[in-house]
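> Take a look and give me a structure for this.
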Amino acid sequence: MSIATGTPARHGTANGVGADVPRPDGALKVTGAFAYSSDLRWDGMVWGATLRSPHPSARIVRLDAARARALPGVLAVLTHRDVPGQPLYGMKVADQPVLAMDRVRYQGEPVALVAADHPETARRALKLIEVEYEELPALTHPEAALRGGGPLVHEGREGGNVVRHVRIRHGDLARARAEAEVVVCGDYEVGMQDQAFLGPESGLAVPAGDGGVEVYVSSQWIHDDQRQMAASLGLPLEKVRLTLSGVGGAFGGREDVSVQIHASMLALHTGRPVKMSYGREESFFGHVHRHPARMRFEHGATSDGRLVYVKARLLFDGGAYTSTSQVVIANGSYFAAGAYEVPHVEIDGYCVYTNNPPCGAMRGFGAVQSCYGVESNLDKLARKLGIEPVELRLRNAMTTGTVLPTGQAVEGPAPAAELLRLLRDRPLPPTADRGASSFALPGGLNNTTHGENVRRGVGYAVGVKAIGFSGGVDDRSVARVRLSLSGCEPVAEIHTAAAECGQGIVTVQAQIARTELGVERVVVLPADTAVGDAGSSSASRITWMSGGAVQGACRAVRARLRERGDGPLEKLLEAGPVEAEYEYAHRRTHPIDPERGQGDAHIAFAFAAHRAVVEVDTELGLVKVVELATAQDVGRAMNPLAVEGQIEGGSAQGLGLALMEELHVTDGRVRNPSFTDYLIPTIADMPSVPITLLELPHPDSPYGLNGVGEPPTLSSTPAIANAVRDATGLDLARVPVRPDDITERR
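Purely as a prediction, here's the structure:
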């Protein structure tokens, strides 16, 4: 990894902000000693299990649980009639039944719950529940859902099957079309990607003496879980208490509740602690996925390669329930013109309900799909113009002050061109000695080729995404910091509800305290709902928001210490601990107007670029990514080691979407809910990932930092797809690219 010019000076203690600080959970995780939520145990604990619908669309005619209740060891069988509070829940819209009532809308929808003294007894009881279904026509094609010709997924809903239509109009498209000298159109498609986190959904609910419940669960936002749970459990917020347990990956898939309400219902019903833990197949049904997308892009340009206009139509399949679909399609639409200066824009983004699995948050949050579409069409435009693809991007890259399609001017750094130049000027990797190592060839480990039909390709892409919650959300985060003496040594305690999902927020919070307070010993307390809301570990916001809260609380502690006078820290603390709580809020944003989509909706933007080098066996259709070089502006590398890990991980998920990862759904039924058939990149698939960091401090954020987790997923997928197109000469308008996409079109 290299850090480019513009690096700010490091400051603070040796393990403060800017240092390569190892994660405290790192060794535990690689040795298998880390306690995940699936490892939870409690005296007297029993096991919960979920009965799920086998049909994507059906009416429940009859449900008889008598045989299941009679099974020895079964403590409870619950249905929708046992939901003590609101029967519907949801992050943005409460439209998802806690347990299916009169009908099911997707394969895998929860229908009933069982609690038993052994997990195998619970599974046996599920098979004894008799459910009679009347299958109904399933609406599974998003175009049909948009047209309104098929059945309604939610009967009587105003708006039919359309979750949201985002309409963005900027400039004068009619005049722009007259000015454009070259026009290209392209249709593009993105398959359904799964977050594929390695730790399945799990949690433990313990009934409390006050009639409430204590819940230990892996999550991305425990306060929003608390809000939804309290409503469905019929309890006040203070009686639903959550503690974050070990999270085995998230990537957006843990924003929605999974086991939280179900385990709590069983615990309150039985008076016993209840553990629920999904198996791998159930996990594929138990969380949302990345929205599949069908997109059409039209670019108009002058003959020398200046973009005149972009017209885009996005259609996202939201599945059976809303989740965060309204916001995902908005985010995809905001950035459908890409990281470019385009004076005239017309964008229509649609998300629809279908009887396919529900879709929601996944790393990149809608901008992944639109970035793939716009970057693919730009390569098509470059070919028609006879201009090098990277040169076309450089001529049109947005800069500070560029006006977005939403009418907002970009404030702060906008280094799209600089990132591209860093990649362009990087030497290409040498051609491997194919005789020395079969590993260098696509499919080489299986001895399928000796390089006879292998061609090299190079592809570029650049992406932009908003950081943090947008569109008028009043985003806030709370932190509490306590400084005291432990023996003769000062120690700082940090308490926030920020969810550590593997991104390293625990480490960064400690680094901030060391920098601000000048102490080396820092304890980060478990995240729980006893402290104020931190918001979600999503939108690449948590380091900015919770980091700002911790910084503010530390500075408040320093101010209170100054009131005690001057002197060594140890001496000042002899009078007792000093504690402060601080609520951090970023500057206000505003909703876009519904007619033209104009408004200052965002607080900040992050940019990343990739250059992919691939080898393609054109006879077998196999692809090996040789190198996936990337450059990214991170504002300030709070922990360069952790930043590198985030960029490598995001690039790996982008590679997966480009070449192998897809949840196959036919007629509403998932065909590959296992890691045998849902393929994710392994160490054998990952190439070298040279990383160049730009540190261009953002003017509004703590320490000038910027979000880093999502941008790598934007440009990695289209860079690889463009490289495969370069090697083959094929359009390849869909990801993931399958071998037969290459072989059957030659």
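> Rank the helices and strands of the protein by mean pLDDT and give me the bottom one.
Lowest by mean pLDDT, DSSP states H and E among the helices and strands of the chain is strand 2-3, with a mean of 66.
> Could I get the CA-only coordinates of the helix or strand that comes right after it as PDB?
Using DSSP states H and E, the next helix or strand after strand 2-3 towards the C-terminus is helix 26-31. Extracted in PDB, the C-alpha atoms of helix 26-31 (Å, rounded to 0.1, in the frame of the first residue of the first chain):
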ATOM      1  CA  GLY A  26      -7.900 -10.100  15.300                       C
ATOM      2  CA  ALA A  27      -5.900 -12.900  17.000                       C
ATOM      3  CA  LEU A  28      -9.000 -14.200  18.600                       C
ATOM      4  CA  LYS A  29     -10.800 -14.500  15.300                       C
ATOM      5  CA  VAL A  30      -8.000 -16.100  13.300                       C
ATOM      6  CA  THR A  31      -7.400 -18.700  16.100                       C
END
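> So which residues of the stretch 251-400 of the chain form strands?
In the stretch 251-400 of the chain, the strands defined using DSSP state E, counting those that start in this stretch lie at 274-277, 293-301, 307-317, 344-352.
> wait, which of the ones you listed is closest to Arg169?
Minimum separation from Arg169 across the strands of the stretch 251-400 of the chain (C-beta to C-beta) falls at strand 344-352, 5.9 Å. From N, CA and C alone the C-beta is placed, and that goes for glycine too.
> quick one: strands adjacent to that closest one?
Partner strands for strand 344-352, per DSSP bridges, with pairing direction: strand 162-170 (antiparallel), strand 307-317 (parallel).
> Output those in a markdown table, with mean neighbour count and mean pLDDT appended to each entry.
As requested, these are arranged in a markdown table below (neighbours: other C-beta atoms under 10 Å; pLDDT from 0 to 100):
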| stretch | mean neighbour count | mean pLDDT |
| --- | --- | --- |
| strand 162-170 | 20 | 98 |
| strand 307-317 | 24 | 98 |
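> Using a markdown table, lay out those together with distance to Pro427.
Below are the strands paired with strand 344-352 laid out as a markdown table (distance: least, C-beta to C-beta, whole Å):
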| stretch | distance to Pro427 |
| --- | --- |
| strand 162-170 | 39 |
| strand 307-317 | 29 |
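> Three-state assignment for Gln193, please.
coil (DSSP: H, G, I helix; E, B strand; the rest coil).
> now it: how far from Glu520?
As judged by C-beta to C-beta, to the nearest Å, Gln193 and Glu520 stand 42 Å apart.
> higher neighbour count, the two?
Set Gln193 next to Glu520 and count neighbours by other C-beta atoms under 10 Å: Gln193 wins out with 30 against 16.
> Tell me if I'm right that the more buried one and Glu661 touch.
Yes. Under the criterion of C-beta atoms under 8 Å, Gln193 makes contact with Glu661 at 5.1 Å.
> okay, and the common contacts of these two?
With contacts defined as C-beta atoms under 8 Å, 6 or more residues apart in numbering, the residues shared by Gln193 and Glu661 are Gln653.
> Pull the contacting residues for the residue positioned nearest the centre of the chain.
Centroid-nearest residue in the chain, with C-alpha atoms, centre = their mean: Arg363, separated by 2.4 Å. For Arg363, the contacting residues are 195, 251-252, 650, 653, 709-710, 713, by C-beta under 8 Å, 6+ apart.
> Now with 6 Å, please.
251-252, 710, 713 (C-beta atoms under 6 Å, 6 or more residues apart in numbering).
> how far away is it from Leu517?
Taking C-beta to C-beta, one finds Arg363 at 33 Å from Leu517.
> go on, Leu237?
32 Å.
> For stretch 656-664, buried residues please.
656-663 (16 or more other C-beta atoms under 10 Å).
> Any idea which of the strands paired with strand 344-352 gets closest to Ala176?
strand 307-317 (3.7 Å).
> Would you confirm that Arg105 contacts Tyr321?
No. If you go by C-beta atoms under 6 Å, Arg105 and Tyr321 don't touch, sitting 7.2 Å apart.
> In this structure, where is pLDDT below threshold?
2-13, 432-438, 745-746 (pLDDT under 70).
> Could you rerun that using 50?
Applying pLDDT under 50 to the chain flags residues 5-12.
> Can you give me every residue that contacts Pro24?
For Pro24, the contact set (C-beta under 6 Å, 6+ apart) is empty.
> Just want to check the distance between it and Ala631.
Counting by C-beta to C-beta, the gap from Pro24 to Ala631 is 30 Å.
> I'd assumed Gly349 was in contact with Val166.
Yes. If you go by C-beta under 6 Å, Val166 and Gly349 touch, sitting 3.9 Å apart.
> Please enumerate the shared neighbours of the two.
Here Val166 and Gly349 share the contacting residues 329, 333, scored by C-beta under 6 Å, 6+ apart.
> leaving aside the residues next to it on the chain, what's closest to Gly85?
Gly234 (3.2 Å; C-beta to C-beta, 6 or more residues apart in numbering).
> on that earlier part again, now, which of the buried residues of stretch 656-664 lie within helices?
Judged by DSSP state H, those include 656-659 as members of helices.
> What is the nearest of the residues you listed to Pro200?
Set against Pro200, the nearest of these by C-beta to C-beta is Gly656 (18.5 Å).
> Now distance to Glu570 too, for the buried residues of stretch 656-664, in TSV please.
Below are the buried residues of stretch 656-664 laid out as TSV (distance: C-beta to C-beta, whole Å):
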residue	distance to Glu570
Gly656	51
Leu657	53
Ala658	55
Leu659	57
Met660	57
Glu661	54
Glu662	59
Leu663	57
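> Strands of the stretch 51-200 of the chain, residue ranges please.
Using DSSP E, counting those that start in this stretch, strands in the stretch 51-200 of the chain cover 58-64, 74-78, 88-89, 96-97, 103-104, 110-116, 130-135, 162-170, 182-190.
> right, so the ones you listed: which one is the most enclosed?
strand 110-116 (a mean of 25; mean count of other C-beta atoms under 10 Å).
> So what touches it?
46-53, 73-79, 99-100, 122, 125-126, 129, 262, 266, 270, 274.
> Which of those residues are buried, as a ChimeraX select command?
Buried residues within the contacts of strand 110-116, by 16+ other C-beta under 10 Å, are selected in ChimeraX with:
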select :46,47,48,49,50,51,52,53,74,75,76,77,78,79,99,100,122,125,126,129,262,266,270,274
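> Now intersect the contacts of strand 110-116 with the helices, please.
In helices, defined here by DSSP H, the members of the contacts of strand 110-116 are 122, 125-126, 262, 266, 270.
> Now flag whichever of the residues you listed is closest to Ser674.
Distances from Ser674 to the ones in helices among the contacts of strand 110-116, taken by C-beta to C-beta, are shortest for Leu126, at 19.1 Å.
> pretty sure the closest one is in contact with Arg52, am I right?
No. Checked against C-beta under 6 Å, the pair Leu126 and Arg52 is beyond contact range at 8.8 Å.
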